[in-house]
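1. All I have is the shape, not the residue letters:
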């Protein structure tokens, strides 16, 4: 986020987490999980992260190149405000409410 008053850039939670993962040199996968409603503004800004570039482009002009160990998961209720460009960059898994009953967890355990 850019503060007009102080003319300073402050990382948001997502960019702070991803920058921290980029700086880690361990071979383990690093997952960033977004759980909540999709907002048209921030999800469109994720397009360059989700395509082959794997680059987060921030509003201050900085570009954060993700590495091969980084993964993202979006758990959303619907995709009403997501553009076809965004949806086409993601793999989808759809679960109906009946798929989420407690007995399914017991059966798989």
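-> Right, received. Where do you want to start? Note that the structure is a prediction, hence the values are computed from the model and not measured. Numbers count the residues shown, from 1 in each chain.

2. Can you show me the helices along this protein?
-> 13-23, 40-44, 47-50, 84-87, 102-108 (DSSP state H).

3. Need the winner for burial among those.
-> Mean neighbour count (mean count of other Cβ atoms under 10 Å) peaks for helix 47-50 among these, with a mean of 17. C-beta here means a position set from N, CA and C on the backbone, and glycine is covered the same way.

4. what does the average pLDDT come to for that one?
-> Mean pLDDT, helix 47-50: 92.

5. Next: stretch 85-98.
-> Rounded mean pLDDT across stretch 85-98 is 87.

6. List the buried residues for it?
-> For stretch 85-98, the neighbour count (16 or more other Cβ atoms under 10 Å) marks 86, 89, 90 as buried.

7. can you list the weak-confidence ranges in the chain?
-> Scanning the chain for pLDDT under 70 picks out the ranges 104.

8. Do I have it right that residue 24 meets residue 17?
-> No: taking Cβ atoms under 8 Å as the definition, residue 24 is not a contact partner of residue 17, at 11.0 Å.

9. do you know how far residue 8 is from residue 1?
-> 10 Å (Cβ to Cβ, to the nearest Å).
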